[in-house]
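Asks: Have a look at this prediction, sequence included:
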There are 2 protein chains.
Amino acid sequence: MSEKIAIIGGAGELGFGLALRWAQAGQSILIGSREEKKAQDAAARAKATVPGADVTGLENAKAVALASVVVLAVPFSAQAGIVKNIKPALKNAIVVDSSVPLAATVGGRPTRLLGLWEGSAAQAARDLLPGIPVISAFHNVSAEVLQDLSISPDCDVLICGDDAGAKERLSALVRLIPGLRPLDAGPLEMSRVVEGITALLISVNRRYKAHHSGIRITGLNPGA
Amino acid sequence: MSEKIAIIGGAGELGFGLALRWAQAGQSILIGSREEKKAQDAAARAKATVPGADVTGLENAKAVALASVVVLAVPFSAQAGIVKNIKPALKNAIVVDSSVPLAATVGGRPTRLLGLWEGSAAQAARDLLPGIPVISAFHNVSAEVLQDLSISPDCDVLICGDDAGAKERLSALVRLIPGLRPLDAGPLEMSRVVEGITALLISVNRRYKAHHSGIRITGLNPGA
(Lines give C-alpha, C1' and ligand atoms only; values in the text may rest on other atoms or scores of the structure.)
Protein backbone atom coordinates (compact mmCIF):
# COMPACT_ATOMS: atom_id res chain seq x y z
CA MET A 1 0.00 0.00 0.00
CA SER A 2 1.35 3.35 -0.99
CA GLU A 3 0.92 6.08 1.58
CA LYS A 4 1.02 9.82 1.19
CA ILE A 5 2.57 11.13 4.41
CA ALA A 6 1.89 14.63 5.68
CA ILE A 7 4.22 15.72 8.46
CA ILE A 8 2.65 18.57 10.39
CA GLY A 9 5.47 20.45 12.04
CA GLY A 10 7.74 19.09 9.34
CA ALA A 11 10.00 22.12 9.59
CA GLY A 12 10.74 21.27 13.24
CA GLU A 13 13.43 18.94 14.53
CA LEU A 14 11.51 15.67 14.78
CA GLY A 15 9.29 16.34 11.77
CA PHE A 16 12.17 17.29 9.52
CA GLY A 17 14.14 14.23 10.63
CA LEU A 18 11.24 11.96 9.72
CA ALA A 19 10.81 13.76 6.39
CA LEU A 20 14.46 13.16 5.52
CA ARG A 21 14.40 9.49 6.48
CA TRP A 22 11.18 8.71 4.65
CA ALA A 23 12.25 10.72 1.61
CA GLN A 24 15.43 8.68 1.59
CA ALA A 25 13.27 5.55 1.57
CA GLY A 26 11.47 6.83 -1.53
CA GLN A 27 8.26 7.95 0.14
CA SER A 28 6.23 10.90 -1.03
CA ILE A 29 6.26 13.51 1.73
CA LEU A 30 4.18 16.60 2.37
CA ILE A 31 5.78 18.94 4.85
CA GLY A 32 3.13 21.01 6.60
CA SER A 33 3.65 24.22 8.51
CA ARG A 34 1.39 27.02 9.67
CA GLU A 35 3.33 29.26 7.27
CA GLU A 36 3.53 27.84 3.78
CA LYS A 37 6.84 29.64 3.17
CA LYS A 38 8.43 27.81 6.10
CA ALA A 39 7.16 24.48 4.76
CA GLN A 40 8.55 25.25 1.29
CA ASP A 41 11.93 26.18 2.76
CA ALA A 42 12.03 22.93 4.68
CA ALA A 43 11.08 20.99 1.55
CA ALA A 44 13.91 22.68 -0.33
CA ARG A 45 16.35 21.79 2.46
CA ALA A 46 15.14 18.18 2.35
CA LYS A 47 15.67 18.03 -1.41
CA ALA A 48 19.15 19.49 -1.03
CA THR A 49 19.96 16.81 1.56
CA VAL A 50 18.34 13.83 -0.14
CA PRO A 51 18.85 13.91 -3.91
CA GLY A 52 15.69 13.04 -5.76
CA ALA A 53 13.50 13.44 -2.70
CA ASP A 54 9.78 13.75 -3.37
CA VAL A 55 8.99 16.43 -0.79
CA THR A 56 6.48 19.25 -1.08
CA GLY A 57 5.95 22.12 1.39
CA LEU A 58 2.39 23.23 2.05
CA GLU A 59 0.29 25.02 4.63
CA ASN A 60 -0.87 22.47 7.26
CA ALA A 61 -4.48 22.03 6.15
CA LYS A 62 -3.50 21.73 2.48
CA ALA A 63 -0.96 19.04 3.32
CA VAL A 64 -3.49 17.14 5.41
CA ALA A 65 -6.10 17.22 2.65
CA LEU A 66 -3.76 15.25 0.38
CA ALA A 67 -2.52 12.74 2.94
CA SER A 68 -3.35 9.17 3.92
CA VAL A 69 -1.12 9.37 7.01
CA VAL A 70 -0.80 12.53 9.06
CA VAL A 71 2.05 12.74 11.55
CA LEU A 72 1.69 15.43 14.19
CA ALA A 73 5.25 16.44 15.04
CA VAL A 74 4.44 19.64 16.85
CA PRO A 75 5.23 20.93 20.33
CA PHE A 76 2.54 19.98 22.82
CA SER A 77 1.72 23.64 23.37
CA ALA A 78 0.65 23.89 19.72
CA GLN A 79 -1.06 20.51 19.49
CA ALA A 80 -4.69 21.40 20.29
CA GLY A 81 -4.74 24.49 18.09
CA ILE A 82 -3.25 22.67 15.14
CA VAL A 83 -5.51 19.65 15.53
CA LYS A 84 -8.59 21.88 15.45
CA ASN A 85 -7.18 23.69 12.45
CA ILE A 86 -6.52 20.56 10.36
CA LYS A 87 -9.62 18.64 11.43
CA PRO A 88 -11.90 19.79 8.60
CA ALA A 89 -9.23 18.80 6.05
CA LEU A 90 -8.76 15.22 7.29
CA LYS A 91 -10.06 12.71 4.73
CA ASN A 92 -9.83 9.04 5.69
CA ALA A 93 -6.33 9.64 7.01
CA ILE A 94 -4.87 8.10 10.11
CA VAL A 95 -3.33 10.52 12.59
CA VAL A 96 -0.07 9.76 14.39
CA ASP A 97 0.56 11.96 17.39
CA SER A 98 4.10 12.31 18.69
CA SER A 99 3.69 15.15 21.17
CA VAL A 100 4.97 14.95 24.72
CA PRO A 101 3.44 17.16 27.41
CA LEU A 102 6.74 18.15 29.02
CA ALA A 103 6.30 20.49 31.97
CA ALA A 104 8.77 22.77 30.18
CA THR A 105 5.77 23.77 28.05
CA VAL A 106 4.51 25.86 30.97
CA GLY A 107 7.91 26.86 32.30
CA GLY A 108 8.54 23.67 34.29
CA ARG A 109 11.25 21.07 33.92
CA PRO A 110 11.82 18.98 30.80
CA THR A 111 12.16 15.95 33.06
CA ARG A 112 8.60 16.34 34.29
CA LEU A 113 5.31 15.85 32.51
CA LEU A 114 2.10 17.77 32.82
CA GLY A 115 -0.76 15.68 34.11
CA LEU A 116 -3.43 15.74 31.45
CA TRP A 117 -7.05 15.07 32.25
CA GLU A 118 -7.27 12.77 29.22
CA GLY A 119 -4.28 10.76 30.45
CA SER A 120 -1.82 11.58 27.68
CA ALA A 121 -1.23 13.94 24.79
CA ALA A 122 -2.31 11.20 22.39
CA GLN A 123 -5.63 10.75 24.18
CA ALA A 124 -6.09 14.52 24.16
CA ALA A 125 -5.63 14.48 20.38
CA ARG A 126 -8.10 11.64 20.03
CA ASP A 127 -10.70 13.49 22.07
CA LEU A 128 -10.43 16.34 19.56
CA LEU A 129 -10.78 13.99 16.59
CA PRO A 130 -13.77 11.71 17.20
CA GLY A 131 -14.18 9.03 14.56
CA ILE A 132 -10.64 9.37 13.26
CA PRO A 133 -8.02 6.68 13.98
CA VAL A 134 -5.49 8.37 16.27
CA ILE A 135 -2.39 6.46 17.27
CA SER A 136 0.86 7.65 18.84
CA ALA A 137 4.53 7.03 18.09
CA PHE A 138 8.01 8.54 17.73
CA HIS A 139 8.14 10.06 21.24
CA ASN A 140 11.42 8.39 22.09
CA VAL A 141 13.38 8.72 18.87
CA SER A 142 16.17 11.28 18.90
CA ALA A 143 15.30 14.08 16.47
CA GLU A 144 19.00 14.88 16.22
CA VAL A 145 19.81 11.37 15.09
CA LEU A 146 17.00 11.34 12.54
CA GLN A 147 18.32 14.55 10.99
CA ASP A 148 21.90 13.31 10.76
CA LEU A 149 21.87 10.91 7.83
CA SER A 150 25.45 9.86 8.55
CA ILE A 151 24.30 7.91 11.60
CA SER A 152 21.70 5.23 12.06
CA PRO A 153 19.07 5.39 14.80
CA ASP A 154 19.09 2.63 17.44
CA CYS A 155 15.59 2.75 18.84
CA ASP A 156 12.29 0.95 19.08
CA VAL A 157 9.24 2.93 18.06
CA LEU A 158 6.56 2.14 20.61
CA ILE A 159 3.20 2.53 18.89
CA CYS A 160 0.07 2.97 21.00
CA GLY A 161 -3.46 2.94 19.66
CA ASP A 162 -6.82 1.26 19.54
CA ASP A 163 -6.93 0.73 15.78
CA ALA A 164 -4.96 -2.34 14.80
CA GLY A 165 -5.06 -1.51 11.10
CA ALA A 166 -3.65 1.96 11.65
CA LYS A 167 -0.86 0.54 13.81
CA GLU A 168 0.05 -1.93 11.08
CA ARG A 169 0.13 0.75 8.43
CA LEU A 170 2.41 2.89 10.55
CA SER A 171 4.59 -0.11 11.41
CA ALA A 172 5.22 -0.66 7.70
CA LEU A 173 6.37 2.95 7.38
CA VAL A 174 8.62 2.69 10.43
CA ARG A 175 10.30 -0.40 8.97
CA LEU A 176 11.37 1.72 5.99
CA ILE A 177 13.79 3.57 8.29
CA PRO A 178 16.86 1.43 9.07
CA GLY A 179 17.59 1.27 12.79
CA LEU A 180 14.00 1.77 13.90
CA ARG A 181 11.83 -1.18 14.94
CA PRO A 182 8.08 -0.68 15.31
CA LEU A 183 6.49 -2.35 18.33
CA ASP A 184 2.84 -2.51 19.25
CA ALA A 185 2.88 -1.17 22.81
CA GLY A 186 -0.84 -1.55 23.42
CA PRO A 187 -3.89 0.70 23.52
CA LEU A 188 -3.74 4.47 23.17
CA GLU A 189 -3.93 4.84 26.96
CA MET A 190 -0.44 3.28 27.17
CA SER A 191 0.85 6.43 25.51
CA ARG A 192 1.07 8.06 28.93
CA VAL A 193 3.95 5.72 29.76
CA VAL A 194 5.60 6.12 26.37
CA GLU A 195 5.33 9.91 26.60
CA GLY A 196 6.82 9.67 30.09
CA ILE A 197 9.80 7.76 28.72
CA THR A 198 10.77 10.93 26.86
CA ALA A 199 11.18 12.72 30.20
CA LEU A 200 13.19 9.74 31.43
CA LEU A 201 15.47 9.86 28.38
CA ILE A 202 16.02 13.60 28.88
CA SER A 203 17.00 12.84 32.47
CA VAL A 204 19.38 10.06 31.38
CA ASN A 205 20.87 12.23 28.61
CA ARG A 206 21.74 14.87 31.18
CA ARG A 207 23.30 12.47 33.62
CA TYR A 208 25.38 10.68 31.00
CA LYS A 209 26.13 13.76 28.88
CA ALA A 210 24.51 11.99 25.94
CA HIS A 211 22.30 13.46 23.23
CA HIS A 212 21.14 10.46 21.34
CA SER A 213 19.64 8.10 23.86
CA GLY A 214 16.83 5.84 22.79
CA ILE A 215 15.05 2.75 24.00
CA ARG A 216 15.00 -0.92 23.07
CA ILE A 217 12.69 -3.62 24.38
CA THR A 218 14.69 -6.80 24.91
CA GLY A 219 13.61 -10.42 25.22
CA LEU A 220 11.15 -10.49 22.33
CA ASN A 221 11.16 -13.16 19.67
CA PRO A 222 13.44 -12.41 16.74
CA GLY A 223 10.50 -11.80 14.45
CA ALA A 224 9.17 -8.88 16.49
CA MET B 1 32.63 -1.98 50.37
CA SER B 2 31.02 -5.17 51.57
CA GLU B 3 27.26 -5.03 51.85
CA LYS B 4 24.87 -7.20 53.76
CA ILE B 5 21.75 -7.45 51.63
CA ALA B 6 18.34 -8.15 53.10
CA ILE B 7 15.71 -9.03 50.54
CA ILE B 8 12.26 -8.46 51.98
CA GLY B 9 9.89 -10.64 50.05
CA GLY B 10 12.84 -12.86 49.23
CA ALA B 11 10.60 -15.89 48.96
CA GLY B 12 8.68 -14.24 46.12
CA GLU B 13 9.53 -14.32 42.43
CA LEU B 14 11.60 -11.16 42.08
CA GLY B 15 13.17 -11.35 45.53
CA PHE B 16 14.18 -14.97 45.14
CA GLY B 17 15.65 -14.28 41.72
CA LEU B 18 17.80 -11.48 43.13
CA ALA B 19 18.83 -13.70 46.05
CA LEU B 20 20.01 -16.40 43.65
CA ARG B 21 21.94 -14.00 41.44
CA TRP B 22 23.66 -12.19 44.30
CA ALA B 23 24.40 -15.45 46.10
CA GLN B 24 25.98 -16.68 42.89
CA ALA B 25 28.15 -13.55 42.92
CA GLY B 26 29.35 -14.42 46.42
CA GLN B 27 27.24 -11.91 48.34
CA SER B 28 25.88 -12.54 51.79
CA ILE B 29 22.09 -12.58 51.59
CA LEU B 30 19.35 -12.38 54.18
CA ILE B 31 16.01 -13.53 52.87
CA GLY B 32 13.21 -11.89 54.79
CA SER B 33 9.62 -12.99 54.99
CA ARG B 34 6.71 -12.28 57.28
CA GLU B 35 6.87 -15.95 58.26
CA GLU B 36 10.34 -17.06 59.29
CA LYS B 37 9.62 -20.61 58.15
CA LYS B 38 8.94 -19.39 54.61
CA ALA B 39 12.19 -17.43 54.62
CA GLN B 40 14.12 -20.47 55.82
CA ASP B 41 12.57 -22.65 53.14
CA ALA B 42 13.54 -20.12 50.49
CA ALA B 43 17.09 -19.96 51.87
CA ALA B 44 17.30 -23.74 51.67
CA ARG B 45 16.08 -23.65 48.07
CA ALA B 46 18.68 -21.01 47.23
CA LYS B 47 21.46 -23.12 48.75
CA ALA B 48 20.28 -26.16 46.81
CA THR B 49 20.40 -24.12 43.61
CA VAL B 50 23.66 -22.23 44.21
CA PRO B 51 26.28 -24.47 45.84
CA GLY B 52 28.07 -22.66 48.65
CA ALA B 53 25.53 -19.83 48.77
CA ASP B 54 25.64 -17.65 51.89
CA VAL B 55 21.89 -17.24 52.38
CA THR B 56 19.97 -17.05 55.65
CA GLY B 57 16.21 -16.97 56.11
CA LEU B 58 14.77 -14.68 58.78
CA GLU B 59 11.61 -12.87 59.76
CA ASN B 60 11.55 -9.49 57.98
CA ALA B 61 12.49 -7.22 60.90
CA LYS B 62 15.31 -9.53 61.99
CA ALA B 63 16.75 -9.55 58.48
CA VAL B 64 16.53 -5.77 58.24
CA ALA B 65 18.31 -5.27 61.57
CA LEU B 66 21.40 -7.01 60.17
CA ALA B 67 21.42 -5.35 56.74
CA SER B 68 23.24 -2.45 55.10
CA VAL B 69 21.03 -2.66 52.00
CA VAL B 70 17.35 -3.53 52.23
CA VAL B 71 15.58 -4.48 49.01
CA LEU B 72 11.79 -4.34 49.16
CA ALA B 73 10.62 -6.98 46.71
CA VAL B 74 7.03 -7.18 47.86
CA PRO B 75 3.71 -6.73 46.09
CA PHE B 76 2.53 -3.13 46.21
CA SER B 77 -0.50 -4.19 48.25
CA ALA B 78 1.85 -5.30 51.05
CA GLN B 79 4.33 -2.45 50.75
CA ALA B 80 3.01 0.05 53.31
CA GLY B 81 2.36 -2.56 55.99
CA ILE B 82 5.79 -4.11 55.61
CA VAL B 83 7.55 -0.75 55.53
CA LYS B 84 5.90 0.24 58.80
CA ASN B 85 6.79 -3.13 60.27
CA ILE B 86 10.50 -3.00 59.41
CA LYS B 87 10.99 0.72 60.11
CA PRO B 88 12.09 0.38 63.74
CA ALA B 89 14.68 -2.23 62.74
CA LEU B 90 16.36 -0.11 60.04
CA LYS B 91 19.88 0.88 61.10
CA ASN B 92 21.84 3.06 58.67
CA ALA B 93 20.63 0.91 55.82
CA ILE B 94 19.59 2.14 52.42
CA VAL B 95 16.20 0.99 51.19
CA VAL B 96 15.61 -0.07 47.59
CA ASP B 97 11.97 -0.20 46.62
CA SER B 98 10.94 -2.27 43.62
CA SER B 99 7.19 -2.26 43.94
CA VAL B 100 4.88 -1.36 41.10
CA PRO B 101 1.34 -0.13 41.81
CA LEU B 102 -0.35 -2.20 39.13
CA ALA B 103 -4.10 -1.68 39.01
CA ALA B 104 -4.36 -5.47 39.31
CA THR B 105 -3.70 -4.87 43.02
CA VAL B 106 -7.29 -3.66 43.36
CA GLY B 107 -8.80 -5.95 40.76
CA GLY B 108 -7.89 -3.80 37.74
CA ARG B 109 -5.68 -4.57 34.78
CA PRO B 110 -1.98 -5.40 35.01
CA THR B 111 -1.39 -3.00 32.14
CA ARG B 112 -2.69 -0.07 34.18
CA LEU B 113 -1.22 1.66 37.19
CA LEU B 114 -2.94 3.11 40.21
CA GLY B 115 -2.49 6.84 40.54
CA LEU B 116 -0.77 7.42 43.86
CA TRP B 117 -0.99 10.73 45.65
CA GLU B 118 2.75 10.62 46.29
CA GLY B 119 3.45 10.13 42.57
CA SER B 120 4.91 6.62 42.70
CA ALA B 121 5.30 3.59 44.94
CA ALA B 122 8.87 4.63 45.64
CA GLN B 123 7.81 8.06 46.82
CA ALA B 124 5.12 6.45 48.97
CA ALA B 125 7.81 4.32 50.61
CA ARG B 126 9.99 7.38 51.15
CA ASP B 127 7.14 9.24 52.81
CA LEU B 128 6.88 6.38 55.29
CA LEU B 129 10.62 6.42 56.00
CA PRO B 130 11.68 10.01 56.68
CA GLY B 131 15.44 10.42 57.05
CA ILE B 132 16.26 7.09 55.41
CA PRO B 133 17.75 6.97 51.90
CA VAL B 134 15.05 5.40 49.75
CA ILE B 135 15.84 4.66 46.11
CA SER B 136 14.03 2.50 43.58
CA ALA B 137 15.14 -0.14 41.10
CA PHE B 138 14.45 -3.57 39.56
CA HIS B 139 10.93 -2.76 38.35
CA ASN B 140 11.64 -3.83 34.80
CA VAL B 141 13.75 -6.94 35.28
CA SER B 142 12.02 -10.21 34.52
CA ALA B 143 11.71 -12.21 37.74
CA GLU B 144 11.45 -15.37 35.66
CA VAL B 145 14.78 -14.69 33.99
CA LEU B 146 16.48 -13.90 37.29
CA GLN B 147 15.35 -17.22 38.72
CA ASP B 148 16.52 -19.24 35.74
CA LEU B 149 20.28 -19.39 36.15
CA SER B 150 20.68 -21.06 32.78
CA ILE B 151 19.86 -17.78 31.03
CA SER B 152 21.34 -14.33 31.33
CA PRO B 153 19.21 -11.22 31.80
CA ASP B 154 19.32 -8.56 29.09
CA CYS B 155 18.10 -5.45 30.87
CA ASP B 156 19.10 -2.07 32.20
CA VAL B 157 18.27 -1.40 35.84
CA LEU B 158 16.93 2.14 36.00
CA ILE B 159 17.72 3.51 39.45
CA CYS B 160 15.80 6.51 40.76
CA GLY B 161 16.62 8.39 43.92
CA ASP B 162 17.75 11.58 45.55
CA ASP B 163 20.77 10.11 47.36
CA ALA B 164 23.73 9.83 44.99
CA GLY B 165 25.73 7.69 47.42
CA ALA B 166 22.94 5.17 47.80
CA LYS B 167 22.54 4.97 44.03
CA GLU B 168 26.25 4.28 43.62
CA ARG B 169 26.20 1.56 46.26
CA LEU B 170 23.29 -0.14 44.55
CA SER B 171 24.91 0.27 41.13
CA ALA B 172 27.93 -1.67 42.38
CA LEU B 173 25.64 -4.50 43.47
CA VAL B 174 23.77 -4.50 40.16
CA ARG B 175 27.06 -4.81 38.27
CA LEU B 176 27.67 -8.09 40.09
CA ILE B 177 24.86 -9.66 38.07
CA PRO B 178 25.96 -10.37 34.49
CA GLY B 179 23.50 -9.02 31.94
CA LEU B 180 22.21 -6.18 34.11
CA ARG B 181 23.49 -2.62 33.68
CA PRO B 182 22.72 -0.03 36.35
CA LEU B 183 21.72 3.41 35.09
CA ASP B 184 21.04 6.53 37.10
CA ALA B 185 17.58 7.52 35.83
CA GLY B 186 17.28 10.64 37.96
CA PRO B 187 15.48 11.69 41.12
CA LEU B 188 13.04 9.48 42.99
CA GLU B 189 10.13 11.25 41.32
CA MET B 190 11.23 9.68 38.01
CA SER B 191 10.19 6.34 39.50
CA ARG B 192 6.66 7.00 38.32
CA VAL B 193 7.86 6.54 34.74
CA VAL B 194 10.02 3.53 35.56
CA GLU B 195 7.15 1.88 37.43
CA GLY B 196 4.94 2.64 34.43
CA ILE B 197 7.38 0.84 32.15
CA THR B 198 6.47 -2.38 33.96
CA ALA B 199 2.87 -1.99 32.78
CA LEU B 200 4.21 -1.30 29.29
CA LEU B 201 6.35 -4.45 29.35
CA ILE B 202 3.38 -6.51 30.50
CA SER B 203 1.44 -5.10 27.55
CA VAL B 204 4.28 -5.88 25.14
CA ASN B 205 4.73 -9.38 26.58
CA ARG B 206 1.08 -10.12 25.88
CA ARG B 207 1.15 -8.82 22.34
CA TYR B 208 4.35 -10.65 21.40
CA LYS B 209 3.68 -13.79 23.47
CA ALA B 210 6.93 -13.15 25.31
CA HIS B 211 7.69 -13.62 28.99
CA HIS B 212 11.10 -12.15 29.36
CA SER B 213 10.95 -8.66 27.96
CA GLY B 214 13.19 -6.01 29.42
CA ILE B 215 14.46 -2.58 28.54
CA ARG B 216 17.72 -1.11 27.29
CA ILE B 217 18.63 2.54 26.94
CA THR B 218 20.60 3.01 23.73
CA GLY B 219 22.92 5.79 22.58
CA LEU B 220 24.89 6.22 25.81
CA ASN B 221 28.66 6.32 25.90
CA PRO B 222 30.25 2.88 26.17
CA GLY B 223 31.32 3.54 29.75
CA ALA B 224 27.77 3.96 31.02
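Replies: Happy to help now that I have it. Numbering: from 1, shown residues only, chains lettered A, B, ... in the order given.
Asks: The host helix or strand of residue A:184: partners in the sheet, and parallel or antiparallel?
Replies: Per DSSP states H and E: residue A:184 is located in strand A:180-186. When pairs are called by DSSP bridges, strand A:180-186 turns out to pair with strand A:155-161 (parallel).
Asks: which is the next helix or strand following the partner strand?
Replies: Assignment by DSSP H and E places the next element after strand A:155-161 at helix A:164-174.
Asks: Off-centre distance for that following helix?
Replies: Put simply, helix A:164-174 sits 13 Å off its chain's centre (CA atoms, centre = their mean, to the nearest Å).
Asks: buried ones in it?
Replies: A:166, A:167, A:169, A:170, A:171, A:173, A:174 (16 or more other CB atoms under 10 Å in any protein chain shown). Quick note: C-beta positions are derived from backbone N, CA and C, even for glycine.
Asks: so which helix or strand takes in residue A:216?
Replies: Using DSSP H and E, the element containing residue A:216 is strand A:214-218.
Asks: which residue is nearest the centroid of chain A?
Replies: The residue lying closest to the centre of chain A (CA atoms, centre = their mean) is residue A:98, at 4.1 Å.
Asks: Return the residues in contact with that one.
Replies: Taking CB atoms under 8 Å, 6 or more residues apart in numbering or on different chains, we find residue A:98 in contact with A:14, A:71, A:72, A:73, A:136, A:137, A:138, A:139.
Asks: and what of residue A:77?
Replies: residue A:105.
Asks: I'd like to know how far the residue nearest to residue A:31 when sequence neighbours are not counted sits from chain B.
Replies: Of all residues not flanking residue A:31 in the chain, residue A:10 sits nearest, at 3.3 Å (CB to CB, 6 or more residues apart in numbering or on different chains). Residue A:10 sits 24 Å away from chain B, going by CB to the nearest CB, to the nearest Å.
Asks: And for residue A:10, the neighbour number?
Replies: 32 (other CB atoms under 10 Å in any protein chain shown).
Asks: doesn't it fall inside a strand?
Replies: No: read with DSSP: H, G, I helix; E, B strand; the rest coil, residue A:10 is coil and lies in no strand.
Asks: quick one: which of the contacts of residue A:98 is nearest to residue B:81?
Replies: residue A:139 (36.6 Å; CB to CB).
Asks: I'd say residue A:58 and residue A:32 touch.
Replies: Yes: here residue A:58 reaches residue A:32: they are 5.9 Å apart, a contact under CB atoms under 8 Å.
Asks: which neighbours do these two share?
Replies: residue A:39.
Asks: For the longest helix that chain A contains, name the packing helices and strands.
Replies: If you go by DSSP state H, chain A has its longest helix at helix A:191-207. Contact here means 3 or more CB pairs under 8 Å, 6 or more residues apart in numbering or on different chains; DSSP states H and E; on that basis helix A:191-207 packs against helix A:121-128, strand A:134-136, strand A:155-161, strand A:214-218, strand B:180-186, helix B:191-207.
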